[in-house]
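**Student:** Here's a sequence, model it:
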Amino acid sequence: MIELVHSIIRASWEILVLIPMPWRAVIILIVLLPVFSWLFWRVIPWLLAIGSQIVFVFAEFLTNVLLLFEYLFTKSIRKRGHKPPDLIYIFDDCFRKLVSFCQLVSQQLDKIFHNSLKKGWIPHKTWLIITGVIISFIWYARPVFGETSVGKLIDGGITWWYSFEGWVINKKWATSILKLSPQKTVIAYVNTINNQKYQSAWNLTSNNFQNNKNLNKNGYDSYKKWWSTVKKIEVKSVKPLFKTPDYVLLDTKLKLVMRNGRRDSYSLKLGLVWDVKSDKWLIDSSQ
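**Tutor:** Numbering: from 1, shown residues only. Model prediction:
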């Protein structure tokens, strides 16, 4: 059953992944907001009320059992003509007060539960609008905060979100994208081509890159044909020009040694996007 629910959620999420951030987060949170509201106003009060009643019944039963043993014990002491120790009656009072406390808590939680039933659990549309505005503002205002504590706090939230998406889709808590270096992705991409593993290098590119006819007229065949003419690629420098949580633009300087002996230098602007499904950066554009 759990596996079926996870499969349904994963299939739905894979469709939502096609929607760019922050709009994907806005849509998901707006959908989940009524669920959270229902849990807060209905499920949690009910669970607390039921749980407190179970605790009260158990405490009352346990106290009655202990008091029975106490009665039998003190009765046997009285038959011998002795007075039961005062400590026994102290325990008696403690257990009775404990049961009374559990009963009071149970009554109060039951009252809270019935009061919550009188309140509407569907959130007002104003809260839905506020949620969308706040998420969008935080996303687009992130570059303004730079490396301040506020910026790091936002990065932490974004990291958690992408990790959560990785868990939903791949059943594993994704590595923080903010700790992964896009520059290292470019270097790994170049090394893969230098090792003539063209299919593996192709897999490090996004669908947008692969479907770009200006870059790959005939898809993978054109891609492989071009890189087959290159003997070696040397990375001179990779510097970030622009960065958002799921997109990076890198100023990349390369030196290509062709198989015919010619040497060419290139200054490219490489765009990389974060792919939730594969949990890594992908080459998305080249200018």
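**Student:** Every contact and neighbour count from this point should use C-alpha atoms.
**Tutor:** OK.
**Student:** gap between residue 188 and residue 206?
**Tutor:** 15 Å (Cα to Cα, to the nearest Å).
**Student:** Give me the more crowded residue out of the two.
**Tutor:** residue 206 (18 against 14; other Cα atoms under 10 Å).
**Student:** Phi first, then psi, for that one.
**Tutor:** Backbone torsions for residue 206, taken as degrees, to the nearest 10, come to phi -80, psi 170.
**Student:** so it sits right up against residue 284, yeah?
**Tutor:** Yes - at 5.2 Å, residue 206 counts as touching residue 284 under the criterion of Cα atoms under 8 Å.
**Student:** Quickly list what's touching both of these two.
**Tutor:** residue 273 (Cα atoms under 8 Å, 6 or more residues apart in numbering).
**Student:** Quick check, residue 37 in contact with residue 122.
**Tutor:** Yes - at 6.6 Å, residue 37 and residue 122 qualify as touching, with contact defined as Cα under 8 Å.
**Student:** who's sitting farthest from the centroid in this structure?
**Tutor:** Farthest-out residue of the chain from its mean C-alpha position, per Cα atoms, centre = their mean: residue 81, at 69.7 Å.
**Student:** Doesn't that residue lie inside a helix?
**Tutor:** No - per DSSP: H, G, I helix; E, B strand; the rest coil, residue 81 lies outside any helix segment and is coil.
**Student:** What residues of stretch 253-260 count as buried?
**Tutor:** Across stretch 253-260, burial judged by 16 or more other Cα atoms under 10 Å covers 253-254, 256-258.
**Student:** That should have said stretch 126-146, apologies.
**Tutor:** 128, 131-132, 135-136, 139, 142.
**Student:** From residue 75, how far off is the residue farthest from the centre of the chain?
**Tutor:** Applying Cα to Cα, the value for residue 81 to residue 75 is 10 Å.
**Student:** which residues touch the helix or strand residue 284 falls within?
**Tutor:** Using DSSP states H and E, residue 284 falls within strand 280-286. By Cα under 8 Å, 6+ apart, the residues outside strand 280-286 that reach it are 177, 182, 185-186, 204-209, 268-275.
**Student:** rerun that using 6 Å as the cut-off
**Tutor:** With contact meaning Cα atoms under 6 Å, 6 or more residues apart in numbering, strand 280-286 is reached by 204-206, 209, 269-274.
**Student:** Kindly reformat the residues you listed as JSON lines containing secondary structure.
**Tutor:** Formatted as JSON lines, the contacts of strand 280-286 follow (three-state DSSP):
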{"residue": "204", "secondary structure": "coil"}
{"residue": "205", "secondary structure": "strand"}
{"residue": "206", "secondary structure": "coil"}
{"residue": "209", "secondary structure": "helix"}
{"residue": "269", "secondary structure": "strand"}
{"residue": "270", "secondary structure": "strand"}
{"residue": "271", "secondary structure": "strand"}
{"residue": "272", "secondary structure": "strand"}
{"residue": "273", "secondary structure": "strand"}
{"residue": "274", "secondary structure": "strand"}
